[in-house]
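>>> Here is my input; please provide its structure:
(chains A and B)
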Amino acid sequence: SQTIHQWPATLVQPVGSPLSLECTVEGTSNPNLYWYRQAAGRGLQLLFYSVGIGQISSEVPQNLSASRPQDRQFILSSKKLLLSDSGFYLCAWSREGKYEQYFGPGTRLTVT
Amino acid sequence: AQKVTQAQTEISVVEKEDVTLDCVYETRDTTYYLFWYKQPPSGELVFLIRRNSFDEQNEISGRYSWNFQKSTSSFNFTITASQVVDSAVYFCALSEAWINTDKLIFGTGTRLQVFP
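Residues are numbered from 1 along each chain as shown, chains lettered A, B, ... in the order given. Model (predicted):
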């Protein structure tokens, strides 16, 4: 069966510090991968998606970036965090040709 | 433009009541998919159902049922005999048949609170 992991689970970082969130998927190959952000009490915003290694599409221009160094690894980064980067970050995967996405447990980021 | 509207921000019911969560969508595509996800307090989104635009048959899974009506662009979700464990935020989502990408457009969610 497939599982998706995210770490860390929670993170408190000062403004201006770097960020690296990691997501890995097990039990499948060549998944589509996604990063979402959910601000407190709000819906989900798609940040990035990837259909293969090194292929990243950005939905929202901002100070975040994503990378996919391996088939089942998706990383969300920032060089300098802003207060507005606080939120709940969710990674998801889907099979090519299958439209439902499966989500990880999320990372709760607080920028102070 | 694609859009998903969940007009009900929050619903409170007492256990054993039936509750319906509304979802209205907008799309110009003839081929699309609709989804419901559950987000319990732990935060992880749980996939509940996918329907495609060619299949308007209603679906029942235990206490859950879904009513898809293309004529009104709605995909409503009913929980029968609600339980406290049903308390969560529920999201409706839309996906169009993009080549190689399966981008989901989410509604803003409906928070359901079921009281004992």
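>>> outside of stretch A:16-30, which residues touch it?
Taking contacts as CB atoms under 8 Å, 6 or more residues apart in numbering or on different chains, the residues outside stretch A:16-30 that touch it are A:1-8, A:11, A:13, A:31, A:33, A:35, A:52, A:64, A:71-81, A:85, A:89, A:91, A:93, A:95-96, A:104, A:107, A:109. The way it works is simple: take the backbone N, C-alpha and C, and place the C-beta from them, glycine included.
>>> again with stretch A:63-77
A:18-26, A:28-31, A:33-35, A:47-48, A:50, A:52-56, A:58, A:78-82, A:85, A:89, A:91.
>>> B:Q57: how many residues sit nearby?
7 (other CB atoms under 10 Å in any protein chain shown).
>>> what's it in contact with, if anything?
Applying CB under 8 Å, 6+ apart, the residues contacting B:Q57 are B:F68.
>>> got it, and B:W66?
Applying CB under 8 Å, 6+ apart, the residues near B:W66 are B:W36, B:I49, B:R51, B:N58, B:E59, B:I60, B:F75, B:N76, B:F77, B:T78.
>>> go again using 10 Å as the cut-off
B:21, B:23, B:34, B:36, B:48-49, B:51, B:57-60, B:75-78 (CB atoms under 10 Å, 6 or more residues apart in numbering or on different chains).
>>> next one: phi and psi at it?
phi -130, psi 140 (degrees, to the nearest 10).
>>> beta partners for it?
Beta bridges link B:W66 to B:E59, B:F77, judged by DSSP bridges.
>>> B:Y37 should be in a helix, yeah?
No: judged by DSSP: H, G, I helix; E, B strand; the rest coil, B:Y37 forms no part of a helix; its state is strand.
>>> Surely it and B:T110 touch.
No: the pair B:Y37 / B:T110 is not scored as a contact, 11.3 Å apart, by CB atoms under 10 Å.
>>> what touches both of those two?
Both B:Y37 and B:T110 are in contact with B:A88, B:V89, B:Y90, B:F91, B:C92, where contact means CB under 10 Å, 6+ apart.
>>> Break down chain B into its strands, ranges please.
Ranges of strands within chain B are B:3-5, B:10-14, B:19-21, B:24-26, B:32-39, B:46-52, B:59-61, B:64-69, B:74-79, B:88-96, B:104-106, B:110-115, based on DSSP state E.
>>> picking that back up, list only buried entries from the contacts of stretch A:16-30.
Among those, those buried by neighbour count (16 or more other CB atoms under 10 Å in any protein chain shown) are A:4, A:6, A:11, A:13, A:31, A:33, A:35, A:64, A:72, A:74-76, A:78, A:81, A:85, A:89, A:91, A:93, A:95, A:104, A:107, A:109.
>>> pLDDT averaged over stretch B:5-21, what's the number?
Here stretch B:5-21 scores 97 as its mean pLDDT.
>>> Over to stretch A:16-33?
95.
>>> and residue 17, backbone torsions?
I'll assume chain A. phi -90, psi 160.
>>> The intended chain is chain B.
Torsion angles, degrees, to the nearest 10, at B:E17: phi -80, psi 150.
>>> how about the residues of chain B that lie near chain A?
Contacts of chain B with chain A, taken as CB under 10 Å from any CB of the partner chain, map to B:4, B:6, B:9, B:32-35, B:37, B:39, B:42-50, B:52, B:89, B:91, B:93, B:95-109, B:111.
>>> if we go to 7 Å?
B:33, B:35, B:43-45, B:47, B:50, B:95, B:100-104, B:106-109 (CB under 7 Å from any CB of the partner chain).
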